[in-house]
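attaching a predicted model along with its sequence, questions to come.
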Amino acid sequence: MATQGNITLNEGIPTIKDAFVVIVKTDWNAKIVDELANGCEKVFQQNNVSYETITVPGAVELPFAVKAWDRGAKARKADAYIVFGTVIKGGTPHFEYVCKIVSEGVTQLNLELTVPTIFGVLTVNTEEQAIERIGGKEGHKGEEAGVTAIKMIDLNRKLGNK
């Protein structure tokens, strides 16, 4: 389910073979984050994409876990990564710091790694806004991240990278 602005996201999902994605999610706001991951996993199951999920304590740790997996000699090499978290604004500047750290971290991963890292972190003002993004009127951002990963793997392969 995509929002009105992303109506074409679910159209033209390419068929890819032997794709493997690492989902990195946070323990923080687990009820919402787990639903993001569930939506993504549903898309992967429908499109025969294999995946593994790892969990980190909070959003700031997401980029580290991606980088650690990517450089790990024993880990299966990923065709893409997806990071899931939910950062809800509070009464202190902590929200802005966390959002900046995570978004810059994911940007850096996309510049350094040979495979894409999909940004699936909700940055919202209220819990209600987060809930609207896991199957409510704003669509399902977990499903959208799964579709985006498939499309980016396809693009990366067409460009001759991996």
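Nice, I can see it.

tell me, how many residues neighbour Lys31?
Neighbour count of Lys31, defined by other C-beta atoms under 10 Å: 11. C-beta: built from backbone N, CA, C; applies to glycine.

going by secondary structure, it is in what exactly?
Taking DSSP states H and E as the criterion, Lys31 maps to helix 30-46.

and that helix, what does it pack onto?
Other helices and strands packing on helix 30-46, by 3 or more C-beta pairs under 8 Å, 6 or more residues apart in numbering; DSSP states H and E, are strand 20-26, strand 50-56, strand 80-88, strand 117-124, helix 127-132, strand 134-136, helix 141-158.

rank these by pLDDT, which is bottom?
Among those, strand 134-136 carries the lowest mean pLDDT, a mean of 92.

contacts for it, please.
Met1, Ile32, Glu35, Leu36, Gly39, His140, Lys141, Gly142 (C-beta atoms under 8 Å, 6 or more residues apart in numbering).

closest one to Val98 out of those residues, please.
Using C-beta to C-beta, Ile32 comes nearest to Val98 of these, at 15.1 Å.

compute the number of surrounding residues for the closest one.
Using other C-beta under 10 Å: Ile32 sits among 23 other residues.

so what's Ile82 up against?
Contacts here follow C-beta under 8 Å, 6+ apart; on that basis Ile82 touches Val21, Val22, Ile23, Val24, Cys40, Thr117, Ile118, Gly120, Ala145, Gly146, Ala149.

state the number of residues packed around the nearest residue to it once chain neighbours are set aside.
Nearest non-adjacent residue to Ile82, counting by C-beta to C-beta, 6 or more residues apart in numbering: Ile118, 4.4 Å away. Ile118 is flanked by 24 other residues according to other C-beta under 10 Å.

still on that earlier bit, who touches the helix holding Lys31?
By C-beta under 8 Å, 6+ apart, the surrounding residues in contact with helix 30-46 are 21, 23, 25-27, 49-51, 53, 82, 84-86, 120, 122, 127, 130-131, 134-135, 140-143, 145-147, 149-150.
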